[in-house]
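*Asks:* got a sequence here, can you build the structure:
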Amino acid sequence: MSANPSLSIIIPVFNEEESLNTLYDEITTVIGDYSAEILFIDDGSTDSSFNIICSLADKDNRVKGLQLYKNFGKADALSEGFQAAEGEVVITMDADLQDDPAEIPILIAKIEEGWDMVSGWKKDRKDPANKRIPSKFFNFVTRLMTGIHIHDFNCGLKAYRRKVVKAIDVYGGMHRYIPALAGQKGFKVTEITVNHRPREFGVTKYGGNRFFHGFFDLFTMLFTGKYFDRPLHFFGLIGLLLFTISGICEFYALYDKLINGVPFQIHFALIVFGAMVFGLGLWFFSIGLLGELFIKNAGRSGKRILRTYHQNS
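*Replies:* Here you go, the predicted structure:
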């Protein structure tokens, strides 16, 4: 990587008209001699955000504004930015001024140490408790289930090598799991503590239901990533759990009959329940086996090839 790598700074924007000029001033002060592009992705704002972005672009050719048709969500805004990014190092940050642009050189320095992705950790988070506490639980569960040992998956302030953002597929609510998506691809992921500032203008654009949806997105990410090539490992695990529950039910009815002389009729409902759970487990196993057959027949040639080389290349 060059001494001053080219930068792409991607900023999703949704109704942040009060913050944009200040954020632009802070970013341009920090990036100094870097060759940079500043991509503001207007995610269907209904205020004057895009007009402000256009005025910034008129006076500075490093600024580019992308306006989406409607409010698709942060993941889709980031995805459009990732596709448009041309810099060697890609920085993402939120538009609400809570992410501090002064952290950009520190993130770049960490990338230059050899990491592929650096995620910010809002250790001293300037948000109310009703956001901090659910976030800690969310991060704990995500860390446990993905094996990526960072504290803050959803921090907006991150740095990536360009190859990372071109390799990952971000949609729906997957922006919360970008470190895990990068880890699944074999990229080296780390984190640093970053300064987090209080919100100056407006209110948060994200409601409490994001945590509810976030766990569905977690299972989607795990299945499509970790288990996509081995669906039996996913569905078979569920089937095995159901078989265990079924076995316990049937064994208890049999034990009570043989040891205590209790007739099967007493445990009729339990026996039927155990049989139904066994059938459900068998169904999950069947789905897993069919998935394995589909994956093998579909062919996987070239899916893991990073590059090819021949004499004339």
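
*Asks:* what segments of this structure are strands?
*Replies:* For the chain, the strands defined by DSSP state E cover 7-13, 36-42, 63-67, 89-92, 117-121, 158-161, 189-193.

*Asks:* what packs against the second one?
*Replies:* For strand 36-42, the elements it packs on are strand 7-13, helix 20-31, helix 49-59, strand 63-67, helix 74-84, judged by 3 or more Cβ pairs under 8 Å, 6 or more residues apart in numbering; DSSP states H and E. From N, CA and C alone the C-beta is placed, and that goes for glycine too.

*Asks:* by contact count, what packs against the first one?
*Replies:* So that's strand 7-13. Helices and strands touching strand 7-13, by 3+ Cβ pairs under 8 Å, 6+ apart, are helix 20-31, strand 36-42, helix 49-59, helix 74-84, strand 89-92, helix 104-112.

*Asks:* state the mean pLDDT of it.
*Replies:* For strand 7-13, mean pLDDT is 96.

*Asks:* count the residues that sit near the residue nearest to His149 when sequence neighbours are not counted.
*Replies:* Excluding the flanking residues, the one nearest His149 by Cβ to Cβ, 6 or more residues apart in numbering is Arg143, at 6.1 Å. By the other Cβ atoms under 10 Å criterion, the neighbourhood of Arg143 contains 17 residues.

*Asks:* same check on Ser119?
*Replies:* Residue crowding around Ser119 was assessed by other Cβ under 10 Å; the count is 28.

*Asks:* same thing with Asp169?
*Replies:* By other Cβ under 10 Å, 12 other residues sit near Asp169.

*Asks:* and this protein, what are its domains?
*Replies:* For the chain, the structural domains run 7-225, 231-298, going by automatic domain parsing.

*Asks:* out of those, deepest packed?
*Replies:* Of all those, domain 7-225 carries the top mean neighbour count, a mean of 18, counting by mean count of other Cβ atoms under 10 Å.

*Asks:* measure the closest residue to Ile106 other than its chain neighbours to Tyr34 for me?
*Replies:* Excluding its sequence neighbours, the residue lying closest to Ile106 (Cβ to Cβ, 6+ apart) is Ile192, at 6.5 Å. Remark: distance between Ile192 and Tyr34 (Cβ to Cβ, to the nearest Å) = 19 Å.

*Asks:* nearest residue to the middle of this structure?
*Replies:* Tyr177 (1.8 Å; Cα atoms, centre = their mean).

*Asks:* any idea how far Tyr171 is from that one?
*Replies:* 11 Å.

*Asks:* how about the contacts made by the residue nearest to Thr190 when sequence neighbours are not counted?
*Replies:* Distances taken as Cβ to Cβ, 6+ apart place Trp115 nearest to Thr190, at 4.9 Å, with adjacent residues excluded. By Cβ atoms under 8 Å, 6 or more residues apart in numbering, the contact set of Trp115 is 188-190.

*Asks:* wait, which of the strands of the chain is closest to Gly288?
*Replies:* Set against Gly288 and scored by Cβ to Cβ, the strands of the chain come closest in strand 189-193, at 29.2 Å.

*Asks:* other SSEs contacting that closest one?
*Replies:* helix 104-112, strand 117-121, helix 178-184.

*Asks:* as CSV, these with mean pLDDT and distance to Val272 would be great.
*Replies:* As requested, these are exported to CSV (pLDDT from 0 to 100; distance: least, Cβ to Cβ, whole Å):
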stretch, mean pLDDT, distance to Val272
helix 104-112, 95, 59
strand 117-121, 94, 50
helix 178-184, 88, 41
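
*Asks:* just the helices in the stretch 151-300 of the chain please.
*Replies:* With helices called from DSSP state H, counting those that start in this stretch, the stretch 151-300 of the chain shows them at 162-167, 178-184, 209-225, 231-260, 268-298.

*Asks:* among the ones you listed, which is nearest Gly147?
*Replies:* Relative to Gly147, the nearest member of the helices of the stretch 151-300 of the chain by Cβ to Cβ is helix 178-184, separated by 7.3 Å.

*Asks:* please convert the helices of the stretch 151-300 of the chain to JSON lines, extending it with distance to Ala85.
*Replies:* Below are the helices of the stretch 151-300 of the chain laid out as JSON lines (distance: least, Cβ to Cβ, whole Å):
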{"stretch": "helix 162-167", "distance to Ala85": "6"}
{"stretch": "helix 178-184", "distance to Ala85": "14"}
{"stretch": "helix 209-225", "distance to Ala85": "22"}
{"stretch": "helix 231-260", "distance to Ala85": "33"}
{"stretch": "helix 268-298", "distance to Ala85": "31"}
